[in-house]
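Q: Output the structure for:
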Amino acid sequence: MNKTCPLLLVSQAGERLKLIADSYRRLTGRALIADGSDSESALWSLPQVVLAHGTESDPVFFYGNRMALELFELTPDQITRMPSRLSAEPLQREAREKLLQRVAQHGFIDDYEGIRVSSTGKRFRIKQATVWNLIDEHGLAHGQAATFGEWEIL
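A: Here you go, the predicted model:
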């Protein structure tokens, strides 16, 4: 697989990737990537999953890093056309919606656990996920993102 981040749906890909890292720091007080690093290559090569979706009525992923693509068994083109709700099993979608409401209210959470499913039906439990709002420096919402480094194949 390509070693650089291959595809985003939007022309301002660099700005959206920077927003993922900047929002994480602003809301959690922690760094997702090293200061001064190139957001695109740093997010792509992180040894943990990073996913982000927009603000559509049925939000669609606009980013998944290398680890996300491997775990969810998707290509960059597939993930950037996938509504984020489809990353959860149908019975888990209500719990996922409650999670997103919690994040919307508090800015971020860092204790999420839940079951997800890959494109081939492989089920896995994510652990200690951080989910945060993508908020720019003007306070405008651009979606939500998640990162996690622990999962268990079920």
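
Q: SS state for Glu113?
A: What DSSP: H, G, I helix; E, B strand; the rest coil gives for Glu113 is strand.

Q: Model confidence score at it, please.
A: Looking at Glu113, its pLDDT is 89.

Q: Enumerate every residue touching it.
A: Each residue near Glu113 by C-beta atoms under 8 Å, 6 or more residues apart in numbering is listed here: Arg125, Ile126, Lys127, Gln128, Ala129. (C-beta placed from N, C-alpha, C; glycine too.)

Q: Tell me the one among the residues you listed nearest to Leu27.
A: Ala129 (14.3 Å; C-beta to C-beta).

Q: separation between that closest one and Gln92?
A: Applying C-beta to C-beta, to the nearest Å, the value for Ala129 to Gln92 is 13 Å.

Q: Which positions in the helix or strand where Leu51 lies come out as buried?
A: Under the criterion DSSP states H and E, the helix or strand holding Leu51 is strand 49-53. By neighbour count with 16 or more other C-beta atoms under 10 Å, strand 49-53 contains the buried residues Val49, Val50, Leu51, Ala52, His53.
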